[in-house]
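Participant: structure for the following, please:
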Amino acid sequence: MPLRETPSGKPAPKKDPFVSLARYSEIGFILPSAVLLGFFLGKLLDYWLHTKWLYLVGLLFGAVVGFWQVIRMAIGAFGKDSDSSPPND
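Facilitator: Got it, this is the predicted structure:
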């Protein structure tokens with residue numbers, strides 16, 4: 001199997017497995033941390049404003065932001081991986 005070449009004619013560099021591991025394990029931390037951050041910020045607003053429902057808004061906001069970031073990362077990773085694939089002639 002020949003080495004893949006970049007558009008400039010140079011061989012594509014090998015991918016480091018630790019870089020891929022770090023990129024994809026980051027996804028597992030982003031979603032729960034965004035949800036927890038939204039929950040705790042909502043609880044803080046509940047405490048300050050003397051309400052009992054803003055934690056739900058914070059929870060939903062954190063979930064939406066977390067999923068949005070995961071989707072952005074997945075699209076970015078897919079775009080980088082597809083750039084290094086050989087063209088289909």
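
Participant: tell me where this protein has helices.
Facilitator: According to DSSP state H, the chain carries its helices in the segments 17-49, 54-83.

Participant: so for the lowest-mean-pLDDT helix or strand in the chain, what gets flagged as buried?
Facilitator: In the chain, the helix or strand scored least confidently by mean pLDDT, DSSP states H and E is helix 54-83, which has a mean of 86. Neighbour-count burial for helix 54-83 flags 54-55, 58-59, 61-63, 65-66, 69-70 (criterion: 16 or more other CB atoms under 10 Å). Where C-beta positions appear, they are placed from N, C-alpha and C, glycine not excepted.

Participant: which other helices and strands contact it?
Facilitator: Judged by 3 or more CB pairs under 8 Å, 6 or more residues apart in numbering; DSSP states H and E, helix 54-83 is in contact with helix 17-49.

Participant: skipping adjacent residues, who's closest to residue 59 in space?
Facilitator: Excluding the flanking residues, the one nearest residue 59 by CB to CB, 6 or more residues apart in numbering is residue 39, at 4.7 Å.

Participant: okay, that neighbour: pLDDT?
Facilitator: Turning to residue 39, the model gives it a pLDDT of 96.

Participant: what's the burial count for it?
Facilitator: For residue 39, the neighbour count with other CB atoms under 10 Å is 18.

Participant: I figured it hits residue 62, correct?
Facilitator: Yes: using CB atoms under 8 Å, residue 39 is in contact with residue 62, at 6.2 Å.

Participant: before we move on, the earlier item: format the buried residues of helix 54-83 as a markdown table; extra columns: distance to residue 79.
Facilitator: Converted to a markdown table, these look like this (distance: CB to CB, whole Å):
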| residue | distance to residue 79 |
| --- | --- |
| 54 | 37 |
| 55 | 36 |
| 58 | 31 |
| 59 | 31 |
| 61 | 27 |
| 62 | 26 |
| 63 | 25 |
| 65 | 21 |
| 66 | 21 |
| 69 | 16 |
| 70 | 15 |
